[in-house]
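Student: Attaching a predicted model along with its sequence, questions to come.
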Amino acid sequence: MAREMAIATFGAGCFWGVESAFAEIEGVTSTTVGYAGGTTAEPTYEEVCTGRTGHAEVLQVEYDPDAVGYVRLLEVFWSIHDPTTRDRQGPDVGTQYRSVIFHHDGQQRALAEASCEREQASGRHAGEIVTEITPEAPFWRAEEYHQKFFQKRSFKRAL
């Protein structure tokens, strides 16, 4: 009998680096970059980049919850970006680069909210965390040339 996998969805800036970070975690079985949280069905990268669709660049992570817990995924999420900058990560500016956790059930929501509180209290960030924690939204797979972007080009993650 095959193990049941779980899904997590995170937005933490440009999805290329986010995907690279999560792909390295033991227990993550697949990663897919795409768009979520907007109003346009089947958006293209060009549409999302206008900022008019409301989508964030996100990573959908499939993982084996017996091998890696959601709390560990949240720890990686907090470590790879600045959750205190609204609609910006490094040189990338726009609502599509916002910090967001799309939870898939009540347990993920509770764990995300608790981890956000711990992260804020940790003193690692000079400002207030602005990460959105919101129910899952329709996920639209990004174009194929965005998938495994760094891996295809033998780049190392720059985060």
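Tutor: Everything's here; your move.
Student: where are the low-confidence patches of the protein?
Tutor: Counting by pLDDT under 70, the ranges of the chain that qualify are 1-2, 146, 149-159.
Student: Please enumerate the strands of it.
Tutor: Along the chain, the stretches classed as strands by DSSP state E are 6-12, 28-36, 56-63, 88-89, 92-93, 99-103, 132-135, 139-141.
Student: From the chain's centroid, how far away is the last one?
Tutor: The reference is to strand 139-141. Taking Cα atoms, centre = their mean, to the nearest Å, the mean C-alpha location of strand 139-141 is offset from the chain mean by 12 Å.
Student: Mind naming the longest helix for the protein?
Tutor: Across the chain, the helix with the greatest residue count (assigned by DSSP state H) is helix 106-121.
Student: which residues sit against that one?
Tutor: Applying Cβ atoms under 8 Å, 6 or more residues apart in numbering, the contact partners of helix 106-121 are 8, 70-71, 74-75, 78, 83, 101, 103, 125, 128-129, 131, 133, 135. For the C-beta atoms, the positions are set from N, CA and C on the backbone; glycine is no exception.
Student: Counting neighbours, which bits of it end up buried?
Tutor: Q108, R109, L111, A112, S115, C116, E119, Q120 (16 or more other Cβ atoms under 10 Å).
Student: now the strands of the chain in TSV, with distance to T50 and mean neighbour count?
Tutor: Below are the strands of the chain laid out as TSV (distance: least, Cβ to Cβ, whole Å; neighbours: other Cβ atoms under 10 Å):
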stretch	distance to T50	mean neighbour count
strand 6-12	17	24
strand 28-36	12	20
strand 56-63	13	25
strand 88-89	16	20
strand 92-93	13	13
strand 99-103	18	24
strand 132-135	20	14
strand 139-141	15	16
